[in-house]
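Chemist: Build the 3D model from these lines:
(one chain, ligands or ions: 2)
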Amino acid sequence: MRHKHFFGTSVQDALQRARYKMGTDVFLIETKPLTISGSDKTGLIQITVGIPEAERRVFPKNRQRSSGSVATKNFSEYLDQFGKGLYSPEINRKRNGARRSLKTDHQKKMKNIHENNDVITMLLNAGIFPEHAKIIQDKVSSDSQQDASVIDKLENIFRSMFDSGVSREFLKKDSQRIIALIGPTGVGKTSVIMKMAANKHFFRDKKTAIISADVYRIAGAESLRAFSDLVGVKFLELRHSDELPAKIDALKEYEVILIDTPGRSPLFPNYFNELQNYFVNDPRIEKLVVLSATADIEDIFLSSALYTLLDPVGLVVTKLDETSRVGKLVSMQNGIGLPILFISDGQSIPLDLTPVNGYYLWKKVSSLF
Ligand SMILES: Nc1nc2c(ncn2[C@@H]2O[C@H](COP(=O)(O)OP(=O)(O)OP(=O)(O)O)[C@@H](O)[C@H]2O)c(=O)[nH]1
Ligand SMILES: [Mg+2]
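Modeler: Ligands and ions are numbered 1, 2, ... in the order given. Purely as a prediction, here's the structure:
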C-alpha cells in the first residue's frame, strides 16, 4: 500500500481530489489542518490516503472529463493523437465536440481562480511543497499590477523563477567543457548525455567525447558505446575512477567531454566516497545532478542532499511526461537551492531535452488545475 497527501478546503474536497487522481479505492488515513512552518494557519486541510497496491493504475477508473485537469489534458491528447483520419465522420464529430467542451471546462476553471485559498490549493495539488506554495501565494498577494489577473501573476512568477537565460549561459561558455551527470539510479543520466551529444542546440556541433564510468554493471556502457558509434562521437570507458585524469588528458583537443556516472543508490555504503574520487582532483569538472520528476519530493531532497556535497552547478529534471505533479519542480529548485537548467519531457533522443522554460512549466502546471 502507498500513502499520499492531498489538500483541500475541507476533508471532503481533499478526498474528492484524491479519488479523482488515484481512483475510488483510496481510503482516508489521517486528516489535519495544514500549517506552514508549524504555525501559520492556512485554513486548508491536509489528508493522508492509502492506495492499495493492486488497485494502482495509470488512469483511475472514475475519471470524469469535467472534474479536473489531468484527465482533461490526457484525454484531449488522446483525442488528438488517435482521432485523426481513423474514425468515421460520426465519431469525428463527437471527438471534436468533446474536445471543445473540455477546453471550455478548463477555461471556466482558470477564470474562477481568484481567491488566495484557490491559489494555494491548486499549487499544493500540482505537487508544490506547502512552504513554496505559500511563497508563491505571498508573491501573488503582494503583486500590485492593477490589471493583471491572478493567472497572469502566476505566469509571471513562473517565468521569473525558471529563467532559461541561466541555461543559455551554461551552454555558451567558450572554454573546454567537462560535464559529469550524477544522480540516483534510472533517472535518465545516460539518456541526457545522448540527448546533449546529439542535439545541435547542445553540443552536436562541437567536438565531443563521452566517457562512461559505468563500471559496475555487466555491459553497463554498451548502449552509450553503440550510440557514440552511431553519431560519430569519441567514446572511452573507465575501469576505475583513478583512470579519469589520464583519460581527460588524452582528450585535450575535444571541446566537450561528457562523463556518465554509474547508477547506484545514493544510500549505498561508500557510494559518496567512490563518486567523490572521480572529481576530487579536477575542479574543471562541472557536475549536473539529474533527478526524476516522478520521484517522491522528500526522497528527492534526501538523495540530492548527498549530491550537493559535490558542488554541482545545477539540476536536470527528467520524466516530466510521467508525472501529474509538475509543480514539484518549484520545490526541487527552491528546496535544493540549485537552478534547474534543463528539463527532459520524454524518451525521444535528442528532441526531448530542452533548456528550462518558465512559460512552458507554467502551462504544464496550469493544465493540472
Ligand atoms: N518517459 C521518460 N523516460 C525517460 C526520460 N528520460 C529517460 N527516460 C527513460 O528512463 C530509463 C532510464 O534511463 P537511463 O538514461 O538509462 O537512466 P540512468 O540514470 O542512466 O540509469 P542508470 O545508469 O541505471 O542509473 C530509460 O528507459 C529512458 O528511456 C524522460 O524524460 N521521460
Ligand atoms: Mg546510465
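
Chemist: Outline the domain layout of the chain.
Modeler: As recorded under automatic domain parsing, the domains making up the chain are 1-63, 64-112, 164-366.

Chemist: I'd like the average pLDDT over the second one.
Modeler: The average pLDDT for domain 64-112 rounds to 56.

Chemist: worst average pLDDT in the domains of the chain?
Modeler: domain 64-112 (a mean of 56).

Chemist: hang on, the earlier thing: between the domains of the chain, which gets nearest to ligand 1?
Modeler: Of all these, domain 164-366 sits nearest to ligand 1, with 1.7 Å by CB to the nearest ligand atom. Using the backbone N, CA and C atoms, a C-beta is placed for each residue, glycine as well.

Chemist: So the closest one, near ligand 2 or not?
Modeler: Yes - using CB under 5 Å from the ion, we find that domain 164-366 touches ligand 2 at 189, 190, 263.

Chemist: give me phi/psi at the residue nearest to the spatial centre of the chain?
Modeler: With distances taken as CA atoms, centre = their mean, residue 293 lies nearest the centre of the chain, 3.4 Å away. The main-chain torsion angles of residue 293 are listed as degrees, to the nearest 10 and equal phi -70, psi -10.

Chemist: Then residue 329?
Modeler: According to degrees, to the nearest 10, residue 329 has phi -60, psi -30.

Chemist: Mind exporting the C-alpha coordinates of stretch 197-217 to PDB?
Modeler: What follows is stretch 197-217, C-alpha atoms only, in PDB (Å, rounded to 0.1, in the frame of the first residue of the first chain):
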ATOM      1  CA  ALA A 197      25.700  14.900 -27.700                       C
ATOM      2  CA  ALA A 198      23.200  14.500 -30.500                       C
ATOM      3  CA  ASN A 199      21.400  17.900 -30.400                       C
ATOM      4  CA  LYS A 200      22.800  20.900 -32.200                       C
ATOM      5  CA  HIS A 201      21.300  23.200 -29.600                       C
ATOM      6  CA  PHE A 202      23.600  21.500 -27.000                       C
ATOM      7  CA  PHE A 203      26.900  20.000 -28.300                       C
ATOM      8  CA  ARG A 204      26.200  18.400 -31.600                       C
ATOM      9  CA  ASP A 205      28.300  20.900 -33.500                       C
ATOM     10  CA  LYS A 206      31.200  20.700 -31.000                       C
ATOM     11  CA  LYS A 207      34.000  18.200 -31.000                       C
ATOM     12  CA  THR A 208      32.600  16.000 -28.300                       C
ATOM     13  CA  ALA A 209      33.800  12.900 -26.400                       C
ATOM     14  CA  ILE A 210      31.900  10.700 -24.000                       C
ATOM     15  CA  ILE A 211      33.500   8.900 -21.100                       C
ATOM     16  CA  SER A 212      31.500   6.200 -19.400                       C
ATOM     17  CA  ALA A 213      32.300   5.400 -15.700                       C
ATOM     18  CA  ASP A 214      29.500   2.800 -15.600                       C
ATOM     19  CA  VAL A 215      32.000   0.200 -14.300                       C
ATOM     20  CA  TYR A 216      29.800  -1.900 -12.100                       C
ATOM     21  CA  ARG A 217      27.200  -3.400 -14.300                       C
END
